[in-house]
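Engineer: kindly return the folded structure for what I paste below:
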Amino acid sequence: MTTKNKNDMNHLKNIPAFLIAFVLIIALSSCDKDEKINIEQLPNAGQFFIKDHFAGQKVISITKEEEAMEGIEYEARLDNGVAVTFDKDGNWTEVDAPDNVSLPTTFILDSIVDYVGSEYPNIGINSIDKVNRGFDVELTNDVDLEFDRDGKIFKQNW
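Structural biologist: Numbers count the residues shown, from 1 in each chain. Here you go, the predicted model:
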């Protein structure tokens, strides 16, 4: 067999692996499900979070998302444009307000609120995400801050 024929054969060996990977990706992504639910179907922790920190807001919709890789999460949309994402147990993981709108700070660590208040007076927190290392915070002036789990600043992006 010539070198050219061997290369053609080696190339063909990769096709089944590629096809298997492609089919697997399609199969896993087709397992994702989104379902509209009512507030009573949201885990209790999520219900209490909304009642405690967004008492004046009406819940417009709640979506239960079942993703093959990430598991179950919920997203609540409020009438003021705020979106709150919860994990399977109803614990908040992300809270995002519309551009230039400040979030209430009653659920945010005091150390984060104090830092933002002292370093950025008259600037609000626009979004906060729980991440492995701590918290990603975006301010209403588009400054991004990163805090550790104890609420100590460790990175600032302008």
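
Engineer: can you confirm K64 is in a strand?
Structural biologist: Yes. Using DSSP: H, G, I helix; E, B strand; the rest coil, the assignment for K64 is a strand.

Engineer: and the most centrally placed residue in the chain, helix, strand or coil?
Structural biologist: The residue lying closest to the centre of the chain (Cα atoms, centre = their mean) is E94, at 5.0 Å. Look at E94: counting by three-state DSSP, its state is strand.

Engineer: check whether it really touches I128, as I assumed.
Structural biologist: Yes. Using Cβ atoms under 8 Å, E94 makes contact with I128 at a distance of 7.2 Å. To be clear about C-beta, it is placed using only N, CA and C from the backbone, and glycine gets the same treatment.

Engineer: can you list the domain ranges for the chain.
Structural biologist: Following automatic domain parsing, the chain resolves into domains at 1-30, 33-157.

Engineer: could I get those as CSV with mean pLDDT?
Structural biologist: Below are the domains of the chain laid out as CSV (pLDDT from 0 to 100):
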stretch, mean pLDDT
domain 1-30, 51
domain 33-157, 95
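
Engineer: deepest in the core, which of those domains is it.
Structural biologist: Neighbour counts (mean count of other Cβ atoms under 10 Å) averaged over each of those peak at domain 33-157, with a mean of 15.
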